[in-house]
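Student: here's my sequence, what's the structure:
(one chain, ligands or ions: 1)
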Amino acid sequence: MSTGTEPALRVADLHVRYGGSTAVRDVSFHIDGGEVFGLVGESGSGKSSVCAALMRLLPPGGSLRATAIEFGGRDLSRASERDMRAIRGKGIALVPQKPMTSLSPTTPVGRQLRWYLGERLDSAQTQQMLISIGLRAVLDRPGDLPSRFSGGQLQRLLIAIAALTHRPALLLADEPTTTLDATVQAQVLRLLLAVRAEVGSAMLYVTHDLAVIAQVADRIGVMYGGRLVEVAPVAELFAAPRHPYTRALIAAMPSAWIEGRPLRPIPGSAAGANRTDGCPFAPRCPHADTICQETMPTAVMAGAAMVRCHHAEVTV
Ligand SMILES: Nc1ncnc2c1ncn2[C@@H]1O[C@H](COP(=O)(O)OP(=O)(O)OP(=O)(O)O)[C@@H](O)[C@H]1O
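Tutor: Below is the predicted model:
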């Protein structure tokens, strides 16, 4: 549920390149204060590149350009590295994907928590918070190394560190539960939402799993071939998806199978999805015709939603 009015983040025309190939094109979206924006798409669609670009932490060989990446009154696409160091962790905090590799393996967890929380670790409020999110074990056994805790416990610890250390205006969570067992995933997800609500941060939640994003997000952006092809509030996206790719993703969700409908895998593959001479989804789209093969669809606004499709069922 959105709680603020000012956008926490506004991204305009973001492009990301790796050497000679473009991984992300023309990506524009905003996240309101306190809002959870979900970014969903198949592997390789450019979700992680968007996330890394916002933090200006693209891997070697990666570069970005954008009309603007507005955050906290600054344009992050043009901010100095010094300014970015001040923003990372404090204004924008990342919930890492792999808890085991994000903590020092040779330093007791209590000491690592104190690095971040300092004296606040001793306050009754912080301790109550840590207990409420299932981290009593860390308070009881502060001298233990990370290897003595489960992946779920360590991920909870990292969420607490990301959210509580500086109470950031924006949390970035890129597939934060992907390395965990299914049952633990649900617990960690609930925890992430609870901590986020407590701190009041906005959040960008990145996943390939539409079922997860349905539980988490206020609005969803669907990526295909490096582009945002649809953005809509979560209820609207599921009730009346406008892009054929979104419809295919929903039809392929496990819940569609549980409800008794046949699970339909999306035909074809995303190979060649970064084409620029026509709609990237045209080779897999049941509605594709000549215009789809020859012309890139432009973004069409429909109320709070956006869609890029020549044949979207847009009802403004
Ligand atoms: N370091 C890199 N060097 C070269 N190409 C890269 C690099 N990182 C990503 N890419 C390419 O950029 C495109 C987008 O990748 P990205 O990881 O952003 O997608 P994704 O949707 O997050 O996928 P996944 O869910 O698998 O992480 C892909 O074609 C990928 O091969």
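
Student: how many neighbours does the closest residue to residue 236 other than its chain neighbours have?
Tutor: In space, and not counting its chain neighbours, residue 236 is closest to residue 305: 6.2 Å by CB to CB, 6 or more residues apart in numbering. C-betas here are computed from N, CA, C, even on glycine. Close neighbours of residue 305, defined as other CB atoms under 10 Å, add up to 22.

Student: what's the answer for residue 286, then?
Tutor: 8.

Student: how about it: what's its closest non-neighbour residue?
Tutor: In space, residue 286 is closest to residue 244, 6.7 Å off (CB to CB, 6+ apart).

Student: so what's the residue in the stretch 151-300 of the chain positioned nearest to the ligand up against?
Tutor: Closest approach between the stretch 151-300 of the chain and the ligand, counting by CB to the nearest ligand atom: residue 208, at 5.2 Å. Going by CB atoms under 8 Å, 6 or more residues apart in numbering, residue 208 touches 40, 41, 42, 43, 47, 175.

Student: pLDDT on whatever helix or strand residue 152 lives in, on average?
Tutor: Element membership for residue 152, per DSSP states H and E: helix 151-164. Helix 151-164 shows a mean pLDDT of 86.

Student: where does pLDDT dip in this protein?
Tutor: 1-5, 256-263, 272, 313-316 (pLDDT under 70).

Student: picking up where we left off before, give the next helix or strand downstream of the helix holding residue 152.
Tutor: strand 170-174.

Student: run the angle between that next one and helix 151-164 for me.
Tutor: Interaxial angle, strand 170-174 versus helix 151-164 (axes from the mean of the first three to the mean of the last three CA atoms, to 10 degrees): 150 degrees.

Student: quick one: list the elements packing against strand 170-174.
Tutor: Counting contacts by 3 or more CB pairs under 8 Å, 6 or more residues apart in numbering; DSSP states H and E, strand 170-174 packs against helix 47-54, strand 92-95, strand 202-207.

Student: make TSV out of those and add mean neighbour count.
Tutor: Listed next are these as TSV, based on neighbours: other CB atoms under 10 Å:
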stretch	mean neighbour count
helix 47-54	23
strand 92-95	25
strand 202-207	25
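
Student: quick one, which of those is nearest to residue 226?
Tutor: Set against residue 226 and scored by CB to CB, the helices and strands packed on strand 170-174 come closest in helix 47-54, at 7.9 Å.

Student: C-terminal to that closest one, what's the next element?
Tutor: strand 62-65.

Student: give the other helices and strands that that next one contacts.
Tutor: strand 7-18, helix 47-54.

Student: just put the ones you listed in TSV and tack on distance to residue 231.
Tutor: TSV is the format used below for these (distance: least, CB to CB, whole Å):
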stretch	distance to residue 231
strand 7-18	11
helix 47-54	13
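
Student: okay if I get these as a markdown table plus distance to the ligand?
Tutor: Shown next, in a markdown table, are the helices and strands packed on strand 62-65 (distance: least, CB to the nearest ligand atom, whole Å):
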| stretch | distance to the ligand |
| --- | --- |
| strand 7-18 | 3 |
| helix 47-54 | 3 |
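
Student: who wins for proximity to residue 194 among these?
Tutor: Of all these, strand 7-18 comes closest under CB to CB, at 19.0 Å.

Student: and that closest one, what other elements does it pack with?
Tutor: Against strand 7-18 (3+ CB pairs under 8 Å, 6+ apart) you get strand 21-32, helix 47-54, strand 62-65, strand 68-71, strand 202-207.

Student: same list, these, but as CSV with distance to residue 196 please.
Tutor: CSV is the format used below for the helices and strands packed on strand 7-18 (distance: least, CB to CB, whole Å):
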stretch, distance to residue 196
strand 21-32, 12
helix 47-54, 16
strand 62-65, 26
strand 68-71, 17
strand 202-207, 5
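
Student: what about the spatially closest residue to residue 74 that is not a sequence neighbour, helix or strand, and which?
Tutor: Sequence neighbours aside, residue 83 is the residue nearest to residue 74 in space, at 6.8 Å (criterion: CB to CB, 6+ apart). Element membership for residue 83, per DSSP H and E: helix 81-87.

Student: what is that helix packed up against?
Tutor: Checked by 3+ CB pairs under 8 Å, 6+ apart, helix 81-87 has no helix or strand packed alongside it.

Student: list the contacts of it.
Tutor: Contacts of helix 81-87 (CB under 8 Å, 6+ apart): 55, 56, 71, 72, 74, 76, 79.

Student: which one is the closest residue to the ligand within the stretch 51-200 of the chain nearest to, not counting chain neighbours?
Tutor: Going by CB to the nearest ligand atom, the ligand is nearest to residue 59 of the stretch 51-200 of the chain, at 3.8 Å. Nearest-residue entry for residue 59: residue 52, 7.2 Å, with adjacent residues in sequence omitted and distances by CB to CB, 6+ apart.

Student: mind listing what's buried along stretch 270-278?
Tutor: By 16 or more other CB atoms under 10 Å, the buried positions in stretch 270-278 come out as 270, 273, 274, 278.
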